[in-house]
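J.: Have a look at this fold, sequence not included:
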């Protein structure tokens, strides 16, 4: 009998999860094993769309003001409709003003300008004295960001097992206003980075790269400290995390782009810090974005494929992901990455786009999909000893048949399970890709995420700041699982995951690392 937490078998029939088909009767023994699980759904927040005010400089033409108003309204709609961490950028980017150097400089020197110091990929943050709990439906809180419109609009938690839509923001970025109050040396190689305008107050927001010699002194004067933006993100509100990710990403890009890669000539900043220009060739350089696919691969209606990389906390599993190669479509990259990382073959026509998420650490974009494994070939159909197609019961080992009789399962119920299990392809990741990949059953995942780290032997998934979390929880939700013929676990021996290798365990539940 398999361990109720981790099943390390290789798909043998005696260790299969036996499920009752919808509408069939179950024996008393089966009913006693049926869990009272409820699916965990990713909370969605729908808000009424509203247009932002558009106080633009008087020098702008009427058509420019109309265009700015439309852009501002679009920015707010994107903010309000997003349910993914790092996607709730709270400012009007006001991109149409970036080329107006005089206007950007005037905004930077304005008394209501708000400036946040950065030090490469590190941002200046401090702990909130009274951390407030933010929810998707509560925008009444205020934070150090200075805008009532986007303050406190946050949901999710760094605890990957929680299905709550509220979280406690622990860190907040330091803002200085006006910029002259900084009183420290600014790195001259990185210009003031124009982040955008507050949608309500129209106050301009900037990030500045502090000179290394002055960075620690400035932090001490504010009772703050520099923390890597990626590490601090899950501990901040959704809006602050999105804003600081952009600030640190832009600052790091400028530090890495002082010279043109082809000519070797010095580059100079322009467009409010959103581009640089080669001094010899005149070529304009922009921050590069590296797209990557991330996917939850499923087999049948109740199995999904998760893996772990070497170096992750023990027990931590996630969806598969990888970067695109030159000349690849997103769908082709998905199929290649899944094959490399697990050995499973994906049905290209099953690939379905779900959502994308900025991941500016330093410059990635995660593009999320659902996909299904390819159906087995007719050549692989199992046959009985006399050469005829094997029945479901024929495919069970002796132990499996004994378990079937002990629980009172019908041959039709066994057949329903084996139909899905035949889709579970052998998992053989390429060397250097994944440390472990395995098939997980829907019921086991639901139970593991509900019971916690001790009861589930340390199993955990990425926190709900990640697109991986959205894909997994979306698949587990009632909407995704509607129409499944299999409903609940009927055999204690199969309360685990069909695995390619063994699994570790850990008492830790929080993981703030990769997708």
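T.: Looks like it came in fine. From a predicted model like this one, the values you see are computed outputs, not experimental measurements.
J.: Which helix or strand contains the residue lying closest to residue 122 once chain neighbours are set aside?
T.: The shortest distance from residue 122 to any non-neighbouring residue, by Cβ to Cβ, 6 or more residues apart in numbering, is to residue 226 (4.0 Å). Any C-beta I mention is one placed from the backbone N, CA and C, and that applies to glycine too. Using DSSP states H and E, residue 226 falls within strand 225-228.
J.: Each with direction, which strands does that strand pair with?
T.: In the sheet, strand 225-228 lines up against strand 122-127 (antiparallel) (DSSP bridges).
J.: Please identify the buried residues of the partner strand?
T.: Neighbour counts using 16 or more other Cβ atoms under 10 Å place 122, 123, 124, 125, 126 of strand 122-127 among the buried residues.
J.: Same check on stretch 415-422?
T.: Neighbour counts using 16+ other Cβ under 10 Å place 416, 417, 418, 420, 421, 422 of stretch 415-422 among the buried residues.
J.: Let's have those in TSV, adding distance to residue 351, secondary structure and pLDDT.
T.: Shown next, in TSV, are those (distance: Cβ to Cβ, whole Å; DSSP: H, G, I helix; E, B strand; the rest coil; pLDDT from 0 to 100):
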residue	distance to residue 351	secondary structure	pLDDT
416	26	helix	73
417	26	helix	70
418	26	helix	74
420	20	helix	73
421	23	helix	77
422	21	coil	78
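J.: Just name the closest of these to residue 252, please.
T.: Distance to residue 252, by Cβ to Cβ, is smallest for residue 420 among the buried residues of stretch 415-422, at 46.1 Å.
J.: Touching, the residue nearest to residue 122 and residue 126? I think so.
T.: No - using Cβ atoms under 8 Å, residue 226 is not in contact with residue 126; the gap is 10.7 Å.
J.: Mind giving me the packing neighbours of whatever helix or strand comes next after the strand holding residue 226?
T.: Toward the C-terminal end, the helix or strand that comes next after strand 225-228 (DSSP H and E) is helix 229-232. In terms of contacts (3 or more Cβ pairs under 8 Å, 6 or more residues apart in numbering; DSSP states H and E), helix 229-232 is packed against strand 122-127, helix 238-256.
J.: could you say what helices and strands the last one packs with?
T.: If I follow you right, that is helix 238-256. Judged by 3+ Cβ pairs under 8 Å, 6+ apart, the packing partners of helix 238-256 are strand 114-119, strand 122-127, strand 171-173, strand 193-197, strand 204-209, helix 229-232.
J.: Go through that helix and flag the buried ones.
T.: 238-254.
J.: Check the gap between residue 359 and residue 468 for me.
T.: Distance from residue 359 to residue 468, counting by Cβ to Cβ, to the nearest Å: 11 Å.
J.: right, I mislabeled it, should have said residue 196
T.: Residue 196 sits 28 Å away from residue 468, going by Cβ to Cβ.
J.: Neighbour count: those two, which is higher?
T.: Per other Cβ atoms under 10 Å, whichever of residue 196 and residue 468 has more neighbours is residue 468, with 27 against 22.
J.: and that one, that one's in a helix?
T.: Yes - according to DSSP: H, G, I helix; E, B strand; the rest coil, the state of residue 468 is that of a helix.
J.: dump the residue contacts of it.
T.: Applying Cβ atoms under 8 Å, 6 or more residues apart in numbering, we find residue 468 in contact with 294, 318, 319, 321, 461, 462, 515.
J.: Residue 304 too?
T.: Applying Cβ under 8 Å, 6+ apart to residue 304 gives the contacts 296, 297, 298, 439, 440, 442, 445, 472, 475.
J.: how close does it sit to residue 128?
T.: From residue 304 across to residue 128, the span is 37 Å (Cβ to Cβ).
J.: Repeat that for residue 346.
T.: Taking Cβ to Cβ, one finds residue 346 at 44 Å from residue 128.
J.: again with residue 261
T.: 42 Å.
J.: neighbour count winner among these two?
T.: residue 128 (17 against 9).
J.: my read: the more buried one touches residue 171, true?
T.: Yes - taking contacts as Cβ under 8 Å, residue 128 lies within contact range of residue 171: 7.2 Å.
J.: could you check the distance from the closest residue in space to residue 361 that isn't next to it in sequence over to residue 438?
T.: Leaving aside its sequence neighbours, residue 361 sits nearest to residue 230 (Cβ to Cβ, 6+ apart; 4.4 Å). From residue 230 over to residue 438 the distance is 27 Å, taken as Cβ to Cβ.
J.: The two - which one has more neighbours?
T.: Taking other Cβ under 10 Å, residue 230 and residue 438 do not tie; residue 438 has more neighbours (26 against 22).
J.: and that one, what element?
T.: Applying DSSP H and E, one finds residue 438 within strand 436-441.
J.: Quick check: which helices or strands does that strand pack against?
T.: For strand 436-441, the elements it packs on are strand 303-308, judged by 3+ Cβ pairs under 8 Å, 6+ apart.
J.: so after the strand it packs on, what's the next helix or strand?
T.: Downstream of strand 303-308, the first helix or strand assigned by DSSP H and E is strand 320-323.
J.: For that following strand, which outside residues touch it?
T.: Residues contacting strand 320-323 (Cβ under 8 Å, 6+ apart): 290-295, 297, 305-307, 333, 336-338, 340-342, 364, 366, 434, 437, 468, 515.
J.: do that again at 10 Å, thanks
T.: Applying Cβ atoms under 10 Å, 6 or more residues apart in numbering, the contact partners of strand 320-323 are 290-297, 305-307, 333-334, 336-342, 344, 346, 359, 364, 366-368, 371, 429, 433-434, 437, 467-468, 514-515.
J.: Can you tell me which of those end up in helices?
T.: Counting by DSSP state H, the contacts of strand 320-323 place 333, 334, 336, 337, 338, 339, 340, 341, 342, 467, 468 in helices.
J.: Farthest pair within those?
T.: 339 and 467 (21.0 Å).
J.: out of these two, which sits in the busier spot?
T.: Neighbour comparison, residue 339 and residue 467: the larger count goes to residue 467, with 25 against 17 (by other Cβ under 10 Å).
J.: The residue lying closest to that one once chain neighbours are set aside: neighbouring residues, count only.
T.: Ranked by Cβ to Cβ, 6+ apart and with sequence neighbours excluded, the top spatial neighbour of residue 467 is residue 357, at 4.2 Å. A total of 21 residues lie near residue 357 under the criterion other Cβ under 10 Å.
J.: Kindly state the beta-bridge partners for residue 357.
T.: In this entry, residue 357 is beta-bridged to residue 366, by DSSP bridges.
J.: you'd agree it is up against residue 238?
T.: No - taking contacts as Cβ atoms under 10 Å, residue 357 lies outside contact range of residue 238: 11.9 Å.
J.: doesn't residue 103 fall inside a helix?
T.: Yes - using three-state DSSP, the assignment for residue 103 is a helix.
J.: measure the nearest residue to it once chain neighbours are set aside to residue 197 for me?
T.: Excluding the flanking residues, the one nearest residue 103 by Cβ to Cβ, 6+ apart is residue 97, at 5.4 Å. Residue 97 sits 8 Å away from residue 197, going by Cβ to Cβ.
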